[in-house]
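# Here is my input, please return the structure:
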Amino acid sequence: MSALAPTFTPEPDVAVFRTRADEVYAQLKRDISEFKLVPGDRFTENEISERLGVSRTPVRQALFRLQQEGFVEVLFRSGWRVLPFDFDQFEQFYDLRMILETTAVHRLCETDRHVDRGMLDALAGIWLVPAAQRSSDTVQVGLWDEDFHCALVAAAGNAEMARVHRDVTDRIRIIRRLDFTKQPRIDATYDEHAKILKAVRANRGDQAAMLLRAHIETSQAEVRKITLHQVHLARRSGQVSSR
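Here you go, the predicted structure:
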């Protein structure tokens, strides 16, 4: 498929200065979301320093930042550990996501509002395609799925809603990636996204919100079934690759 998913950046016109600690933080976060580091894994600052070729200071700064965000914890005299999944917190994130996204599609269907139609057209180029043109790449579809939901909120024109939604998306990325390991889930995602987009383009806000709510509830139900065994299988099989 040649269509490309839209890219979302908070401030596209502002150059962002990244420190070494920022780079270590980003790498470790990728390692967690791509299951190179999984819940329960233990490691030391020296091991990370040697692997990334940096001093311990930026590693420590990055780890404290990840600790504040609930990804890792420090162990007394024995390094660090990736925290287990907090399913109660994931439930809360999904509830918040539901509110943000259903509100966004209602706004997208209000004809007196300024919305980004170009962003919606880009989504249509990915999801409203014949079955023969659908991607079977589980990693790619997972990335497109994330961008689909971010685009719906961003296109509605409320920058603060979009910022909060990106934060929520970032926190649940690790478990959402486990949802795209089987072809039936890919097929269902294409079908459900297509129906949502068609409802939005027809300005049927209630229908779009109903479809979106059902779509998110299905993903939420799949999350409840996730086990640590699945996470280790994902790591061993290499089903999740770099973004």
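# how much space between the most centrally placed residue in the chain and residue 83?
If you average the C-alpha coordinates of the chain and look for the closest C-alpha using C-alpha atoms, centre = their mean, you land on residue 173, 3.6 Å from that point. Using C-beta to C-beta, to the nearest Å, we find residue 173 at a distance of 15 Å from residue 83. C-beta coordinates here come from the backbone N, C-alpha and C atoms, glycine included.
# so residue 174 touches residue 33, yeah?
Yes: contact criterion C-beta atoms under 8 Å: residue 174 and residue 33 qualify, at 4.8 Å.
# ok, the two, which is more surrounded?
When residue 174 is set against residue 33 and neighbours are counted by other C-beta atoms under 10 Å, the residue ahead is residue 174, at 22 against 18.
# In which helix or strand does the residue at the greatest distance from the centre of the chain reside?
The outermost residue of the chain relative to its centre, with distances by C-alpha atoms, centre = their mean, is residue 77 at 33.4 Å. Taking DSSP states H and E as the definition, residue 77 sits outside all helices and strands.
# Next: residue 54.
Residue 54 is located outside every helix and strand, with elements delineated by DSSP H and E.
# Residue 195 too?
Assigning secondary structure by DSSP H and E places residue 195 in helix 183-201.
# List of residues touching that helix?
With contacts defined as C-beta atoms under 8 Å, 6 or more residues apart in numbering, helix 183-201 is touched by 105, 108-109, 120, 123-124, 127-128, 131, 134-136, 138, 141, 145, 148, 152, 179-180, 207-208, 211-212, 214-215, 218, 222.
# Report the angle between the lengthiest helix in the chain and helix 183-201.
As assigned by DSSP state H, the longest helix anywhere in the chain is helix 87-108. Using axes from the mean of the first three to the mean of the last three C-alpha atoms, to 10 degrees, the inter-axis angle of helix 87-108 relative to helix 183-201 is 30 degrees.
# Tell me how far the residue lying closest to residue 164 once chain neighbours are set aside lies from residue 111.
Once flanking residues are discounted, residue 164 sits nearest to residue 100: 6.6 Å by C-beta to C-beta, 6 or more residues apart in numbering. Distance from residue 100 to residue 111, counting by C-beta to C-beta: 21 Å.
# pLDDT of stretch 18-34, averaged?
Averaged across stretch 18-34, the pLDDT comes to 91.
# typo on my end, it should be stretch 188-196
Averaged across stretch 188-196, pLDDT comes to 95.
# now swap in stretch 63-83 and tell me
Summarised as a single mean, pLDDT over stretch 63-83 is 92.
# Distance from the chain centre to that stretch, please.
Averaged C-alpha coordinates place stretch 63-83 at 22 Å from its chain's average position (C-alpha atoms, centre = their mean, to the nearest Å).
# list the buried ones in it?
Judged by neighbour count (16 or more other C-beta atoms under 10 Å), stretch 63-83 contains these buried residues: 63, 65-66, 71-72, 79-82.
# Of the residues you listed, which belong to helices?
Mapping the buried residues of stretch 63-83 onto helices (DSSP H) picks out 63, 65-66.
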